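Novice: Provided below are the primary sequence and the corresponding predicted coordinates.
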Amino acid sequence: DSGVTQTPKHLITATGQRVTLRCSPRSGDLSVYWYQQSLDQGLQFLIQYYNGEERAKGNILERFSAQQFPDLHSELNLSSLELGDSALYFCASSSGTPRGTDTQYFGPGTRLTVL
Amino acid sequence: AQSVTQLDSHVSVSEGTPVLLRCNYSSSYSPSLFWYVQHPNKGLQLLLKYTSAATLVKGINGFEAEFKKSETSFHLTKPSAHMSDAAEYFCVVSDRRNFNKFYFGSGTKLNVKP
């Protein structure tokens, strides 16, 4: 158990809908990362937050948004869902230290199915 | 700029034989390097990490990796494969000078034959 929790584990929804995925980082970790993993695209980095602020952006669509709250949990919002958004969505956390070694720990993921 | 290349997308070995998963990195600075394992429909689990201490790093489940700066490699090895090792493995490099941005390889799927 990495200490990173994600809810829900599974989500089935229809095209055009909006969903919210939730992540709680390990105790003491300030940084949260979101990743999308699909069969055709592999593991894609979406976005990183550090202590409530956006730190880095990857291949995140404009229909997707995220935020990190004062208690450090994070939510990933996916809107106007398309069939191609079906994937595993992972959250990872790290201490977020700007220098020296930092290590990411991954949650179990949320499997999103868009029908 | 940092980057990671996993040289094999698929590796197949027989149970009880050695495992070698290859990873080359590009880094303009002394990097941190990691190997993660992902079993089907599971999250990524940290196997081991290199952080500029010993160049031979031991991880969980009998895996180890050796940092070779001259070859810019960080290959993952295990002396004897077990059926439970069948999974996908990711090599990752981070830039310790640049807010630890992480760069993932494309993954290597390990198949273990009985």
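Specialist: Now that the structure is in, tell me what you want to look at.

Novice: so what secondary structure elements neighbour the worst-scoring helix or strand of chain B on mean pLDDT?
Specialist: When the helices and strands of chain B are scored by mean pLDDT, DSSP states H and E, strand B:101-104 comes last with a mean of 86. Applying 3 or more CB pairs under 8 Å, 6 or more residues apart in numbering or on different chains; DSSP states H and E, one finds that strand B:101-104 makes contact with strand A:42-50, strand B:3-6, strand B:87-95. C-beta: built from backbone N, CA, C; applies to glycine.

Novice: okay, those strands, which one's buried deepest?
Specialist: strand B:87-95 (a mean of 23; mean count of other CB atoms under 10 Å in any protein chain shown).

Novice: close to chain A, is that one?
Specialist: Yes - judged by CB under 8 Å from any CB of the partner chain, strand B:87-95 and chain A are in contact via B:F90, B:V92, B:S94.

Novice: check contacts around the second one.
Specialist: Going by CB atoms under 8 Å, 6 or more residues apart in numbering or on different chains, B:V92 touches A:Q104, B:V4, B:L33, B:F34, B:W35, B:Y36, B:F102, B:Y103, B:F104, B:G105.

Novice: the last one too?
Specialist: Taking CB under 8 Å, 6+ apart, we find B:S94 in contact with A:T101, A:D102, B:Q2, B:P31, B:S32, B:L33, B:F34, B:N100, B:K101, B:F102, B:Y103.

Novice: where in chain B is pLDDT low?
Specialist: Within chain B, the ranges that satisfy pLDDT under 70 run B:98-100.
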